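Q: Predicted structure and sequence below. I'll ask about it afterward.
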Amino acid sequence: MTRTLRHRGMRGLAGRADPQLAAWVEQFTKQRAARHGWNRDLIWCVRTGVNIMLGFQDTPGVAIAATDVSVLSEVDLPIAHVLEVLDDARLLDDDRTPAVTAWVQRSLSGLPESMTSEVWAWFRIMREGSSTTPRRRPRTEITIRLHLGWALPALRQWAEDGKDSLREISSADVRAVLPQDGITRAQMGQGLRSIFRLLKASRLLFTNPIAQIKTGFPDPKVPLPLNVEDIREALDSPDPARALLTSLFAFHGLSSIRVQHLLLTDIHDGRLELAGRSVPLAAPVRRRLANYLDHRNRHWPKTANPHLFVHFRTVNGTGHVGYRWIYLLLGPNINARSLREDRFLDEALATNGDARRLSDLFGLSTQAAQRYTEALDHPGFRSDLPANEHHPSPSSGT
């Protein structure tokens with residue numbers, strides 16, 4: 001039967017736990033609480049959740065399935081922290097299916113068995129990597145989703161045409177499903193190339209039918225400047241985290257992943273220490289940094305999270321904030337990528353298209369820097385505006 005807590009009292013269920021086992025697991029709760037600066041309310045919730053799961057055990061000491069812990073959501077107990085404590089105590093059997101694996105299962109439903117098994121072989125190597133020939137580093141879940149998503153229309157079309165395996169696919173079959181031109185052709189080609197190339201290298205296929213077919217590349221998007229008022233509104237936001245986040249993008253052109261992983265120790269003496277570079281912080285950034293650190297210390301004085309940016313979900317651990325948090329915090333009018341590109345365009349304008357200056361200042365490759373210097377000739381770029389009217393420069397007092 002499915003376990004439920006909706007009609008039971010938490011205290012009564014927690015009291016069913018084996019006393020000796022509960023006392024032994026309690027030390028792991030205290031250790032994690034001290035390490036991450038948990039408050040009393042969170043400690044009580046985690047302890048209660050752990051004891052409820054221990055009370056559910058028919059045989060004390062047996063590993064608890066991670067999927068069973070999801071029942072704690074019915075009484076608003078912190079599932080993630082309970083899982084961490086159980087894992088510390090070696091009482092967790094993590095039987096959860098990763099989200100990307102579940103997505104692949106849904107995506108491949110309806111395809112022939114042989115074709116499905118071949119795509120699963122590609123997926124395992126992409127996700128886990130390979131230490132044997134052909135050696136390969138694991139790829140991110142985003143890359144896996146993109147490549148398979150682009151290839152799926154072709155796989156389904158071949159299945160409808162009666163193809164049971166990717167070994168039956170010829171170059172003519174590939175040409176038949178590829179769009180004539182445009183970004184969809186380039187994307188489908190990239191997805192199919194990823195699958196066929198890897199399966200051929202793994203000796204699961206005899207040939208690579210797309211090897212000699214040119215599918216082109218997506219045309220790069222021309223970067224354009226943002227509305228200045230949107231940037232100023234975010235810079236002057238009453239939310240200290242939003243103001244600092246915007247300033248780091250707008251003044252120093254940091255990437256979102258760099259901001260996610262920024263540590264408190266990366267900033268000292270008015271400088272930002274990046275990989276191989278020491279960047280002097282602009283005066284407006286230093287002011288917003290001071291405001292944010294005061295806000296952080298007032299709200300979470302005991303947090304042990306070493307990252308600069310925290311929120312209510314990460315403050316009780318050591319993980320970094322996610323990209324979705326950054327996206328939602330910045331608002332609908334601007335995003336990390338557009339702010340970063342806007343800063344590069346402003347520098348290109350101020351230096352009359354000096355690609356070397358962009359490379360030295362922001363650590364860009366020559367090709368990436370030229371993308372922004374060449375954008376100055378685009379009709380949508382307001383190149384007739386003075387630099388200080390287009391964007392707040394690091395020396396301004398904005």
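A: That came in fine, so what should we check first?
Q: Which positions in the helix or strand hosting His147 come out as buried?
A: Element membership of His147, judged by DSSP states H and E, is helix 141-160. Residues of helix 141-160 classed as buried: Ile144, Leu146, His147, Leu148, Trp150, Ala151, Leu152, Ala154, Leu155, Arg156, Trp158 (neighbour count, 16 or more other C-beta atoms under 10 Å). From N, CA and C alone the C-beta is placed, and that goes for glycine too.
Q: what's next to that helix, contact-wise?
A: Here helix 141-160 makes contact (C-beta atoms under 8 Å, 6 or more residues apart in numbering) with 99-100, 103-104, 107, 110-112, 115, 119, 123, 126-127, 169, 173-174, 177-178, 187-188, 190-192, 194-195.
Q: Filter those residues down to the buried ones, ChimeraX style.
A: Buried subset of the contacts of helix 141-160, written as a ChimeraX selection, criterion 16+ other C-beta under 10 Å:
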select :100,103,104,107,111,112,115,119,123,126,127,169,173,174,177,178,187,188,190,191,192,194,195
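Q: Show me how the chain divides into domains.
A: What automatic domain parsing lists as the domains of the chain is 10-93, 99-201, 228-390.
Q: Now render these as JSON lines, adding distance to Asn208 and mean pLDDT.
A: What follows is the domains of the chain, written out as JSON lines (distance: least, C-beta to C-beta, whole Å; pLDDT from 0 to 100):
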{"stretch": "domain 10-93", "distance to Asn208": "40", "mean pLDDT": "89"}
{"stretch": "domain 99-201", "distance to Asn208": "4", "mean pLDDT": "94"}
{"stretch": "domain 228-390", "distance to Asn208": "28", "mean pLDDT": "87"}
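Q: tell me the contacts of Ala375?
A: Residues in contact with Ala375, defined by C-beta under 8 Å, 6+ apart, are Val222, Pro223, Leu224, Leu345, Ala348, Phe381.
Q: just those residues now: which is nearest Asn51?
A: Comparing the contacts of Ala375 against Asn51 with C-beta to C-beta places Pro223 closest, at 54.9 Å.
Q: residues near Ala14, how many?
A: Neighbour count of Ala14, defined by other C-beta atoms under 10 Å: 18.
Q: secondary structure element for the nearest residue to it once chain neighbours are set aside?
A: Nearest residue to Ala14 in three dimensions, chain neighbours excluded: Asn51, at 3.8 Å (C-beta to C-beta, 6 or more residues apart in numbering). Using DSSP H and E, Asn51 sits in helix 40-55.
Q: packing partners for that helix?
A: helix 10-14, helix 19-36, helix 66-69, helix 79-88 (3 or more C-beta pairs under 8 Å, 6 or more residues apart in numbering; DSSP states H and E).
Q: Would you mind finding the most buried of those?
A: helix 79-88 (a mean of 19; mean count of other C-beta atoms under 10 Å).
Q: Mind listing the strands the helix or strand just after that helix pairs with, and their directions?
A: Going down the chain from helix 79-88, the next helix or strand is strand 92-93, by DSSP H and E. According to DSSP bridges, strand 92-93 has the following sheet partners: strand 64-65 (parallel).
Q: ok, residues contacting the partner strand?
A: Contacts to strand 64-65, defined as C-beta under 8 Å, 6+ apart, come from residues Met53, Leu54, Phe56, Gln57, Leu86, Leu91, Leu92, Asp93, Asp95.
Q: chain center to it, what's the gap?
A: How far strand 64-65 lies from its chain's middle: 27 Å, per C-alpha atoms, centre = their mean, to the nearest Å.
Q: Name the next helix or strand downstream of the helix or strand encompassing Asp230, please.
A: Asp230 belongs to helix 228-235 when assigned by DSSP H and E. Going down the chain from helix 228-235, the next helix or strand is helix 240-252, by DSSP H and E.
Q: so what secondary structure elements neighbour the helix or strand following that following helix?
A: Of the helices and strands lying after helix 240-252 in sequence (DSSP H and E), the nearest is helix 256-260. Under the contact definition 3+ C-beta pairs under 8 Å, 6+ apart, helix 256-260 sits against helix 240-252, helix 323-330, helix 336-350.
Q: Switch the contacts of strand 64-65 over to TSV; also include distance to Val71.
A: Rendered in TSV, the data for the contacts of strand 64-65 read as follows (distance: C-beta to C-beta, whole Å):
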residue	distance to Val71
Met53	8
Leu54	13
Phe56	8
Gln57	13
Leu86	14
Leu91	16
Leu92	15
Asp93	15
Asp95	14
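Q: separation between Lys214 and Ile183?
A: As judged by C-beta to C-beta, to the nearest Å, Lys214 and Ile183 stand 15 Å apart.
Q: residues in contact with Pro19?
A: By C-beta under 8 Å, 6+ apart, Pro19 has no neighbours at all.
Q: Same check on Gln57?
A: Contacts of Gln57 were listed using C-beta under 8 Å, 6+ apart, and they are Asp18, Ile64.
Q: The residue nearest to Ala14: how many residues sit nearby?
A: Residues within reach of Asn51, counting by other C-beta under 10 Å, total 25.
Q: does it really touch Ala23, like I thought?
A: No: applying C-beta atoms under 8 Å, one finds Asn51 not in contact with Ala23, separated by 10.4 Å.
Q: ok, how many other residues are close to Asp18?
A: A total of 16 residues lie near Asp18 under the criterion other C-beta under 10 Å.
Q: where's the residue lying closest to it once chain neighbours are set aside, which helix or strand?
A: Sequence neighbours aside, Pro60 is the residue nearest to Asp18 in space, at 4.0 Å (criterion: C-beta to C-beta, 6+ apart). Of the helices and strands defined by DSSP H and E, none includes Pro60.
Q: measure Pro60 to Gly189 for me?
A: Pro60 sits 57 Å away from Gly189, going by C-beta to C-beta.
Q: Pick out whichever of these two has more residues nearby.
A: The residue with more neighbours, out of Pro60 and Gly189, is Gly189; 22 against 14, by other C-beta under 10 Å.
Q: Make sure that one is indeed in a helix.
A: Yes: assessed with DSSP: H, G, I helix; E, B strand; the rest coil, Gly189 lies in a helix.
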